[in-house]
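Peer 1: Here is my input, please return the structure:
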Amino acid sequence: MQELCALAASAGARVVGQITGRRDRPDPALFVGSGKAEEIGRLCAECQADLVVFDHTLSPGQQRNLGRALKRRVIDRVALILDIFALRARSHEGKLQVELAQLDYLSARLVRGWTHLERQRGGIGLRGPGETQLETDRRLIGQRVKQLRLRLAAVERQRKNRLRQRSRQGTFSVSLVGYTNAGKSTLFNALTHAGVYAADQLFATLDTTSRRVFLAPGEFMVLSDTVGFIRDLPHSLIEAFKSTLNEAAEADLLLHVIDASDPDRDAHRQAVELVLNEVGAAEVPRIEVMNKIDCAGLVSRSEAGPDGRIRRVWVSAASGEGLSGLREAVRSHVPAFPSPETWPGTLSDNVGFLQPSVQSLL
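Peer 2: Residues are numbered from 1 along each chain as shown. A predicted model of the protein is given here:
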């Protein structure tokens, strides 16, 4: 319930009341029982609520029936998350991805509200039985979905070209993944000084940002900040954002950022792993970054795996504590790089270029 309230706040809603219930199985018509629906209606009247949000996925019929029973707008968890994504998307690709997911969600919820209308008649050259408004809506949505998929496919080809170029150049690629609000963007800024938007809210950033990070003379990586995950992430969003999530699947190393101060961190870890499995990133090597140790009253340390490589690091991205240990953990996964004599340009040019970045990570 706490997470649902945080989602609602991220969407700009003001939570005025909460109610919980337990059923062995959802009611086919209302999801909740008729008695619980009446209880929800009374609470809405007392709190003067004009929107009801369910922390579950509702079928189109359940959503419609609840709206009629409660005489208020009713949305489910999926619609709420989609609304937040639409609010946060900034890049051209992100907006296309969100629109695709929204249309996928909407297409299943087109109701036969137009049955009182006569069928539209075809014009000259389009004579025939015509179509209902519902059929028209579905056709238009289908056409728009096709356009969006084509445009996203073009973006995906560009992304793959960039990844191939990195691979040819021998660039070590690292992606930040983790549950929403675990501190990925704050950690990204701490390592790169990129100034990516970071806030204490769910899904503060959606768009992937990549920066080159120099670890030591002759050793560097490309670090990418990706969209955060959440439990029960809508499948339509995973599909729409697959090109973005593939950044994690194509990475050489994943930094799985976990909020060490969150009591639900184990459940959040499992939710992230489920999404990584779905996008084909299950076998990518990873380091768990236990973030926000300053909020949990912990100290920075690291833990090695059976192969001797560091597999878990405790840090505070906000204060910078433990970041040097994280840098060393990443370096243990970086393959050998060419000697400085093989870099392009003069040695003095490269030293001048590298030194500020090296200092920023110490």
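
Peer 1: Helices of the protein, residue ranges please.
Peer 2: Under the criterion DSSP state H, the chain contains helices at 2-10, 34-47, 60-70, 77-88, 92-107, 133-168, 184-192, 235-240, 242-249, 265-278, 293-296, 323-331, 347-361.

Peer 1: Can you find the helix or strand of this structure with the lowest average pLDDT?
Peer 2: Using mean pLDDT, DSSP states H and E, helix 347-361 stands out as the lowest-scoring helix or strand of the chain, at a mean of 41.

Peer 1: before we move on, back to that, most tightly packed of the helices of the chain?
Peer 2: The highest mean neighbour count among these, using mean count of other C-beta atoms under 10 Å, belongs to helix 184-192: a mean of 23. For glycine as for every other residue, the C-beta is placed from the backbone atoms N, C-alpha and C.

Peer 1: quick one: low-confidence ranges for the stretch 51-200 of the chain?
Peer 2: For the stretch 51-200 of the chain, the stretches with pLDDT under 70 are 111-133, 167-168, 195-200.

Peer 1: Could you chop the protein up by domain?
Peer 2: Annotated domains of the chain cover 2-12+24-83, 171-361 [automatic domain parsing].

Peer 1: Let me have those domains in TSV, extended by distance to Glu156.
Peer 2: Below are these laid out as TSV (distance: least, C-beta to C-beta, whole Å):
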stretch	distance to Glu156
domain 2-12+24-83	21
domain 171-361	4
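
Peer 1: Pick out the shakiest of the ones you listed, pLDDT-wise.
Peer 2: With a mean of 81, domain 171-361 has the lowest mean pLDDT of these.

Peer 1: And Phe214, how close does it get to Ser224?
Peer 2: Distance, Phe214 to Ser224, by C-beta to C-beta, to the nearest Å: 16 Å.

Peer 1: quick one, which of those two is more surrounded?
Peer 2: More crowded of Phe214 and Ser224, by other C-beta atoms under 10 Å: Ser224, with 21 against 18.

Peer 1: so who does the more buried one touch?
Peer 2: Ser173, Val174, Ser175, Leu176, Thr208, Thr209, Ser210, Glu247, Ala251 (C-beta atoms under 8 Å, 6 or more residues apart in numbering).
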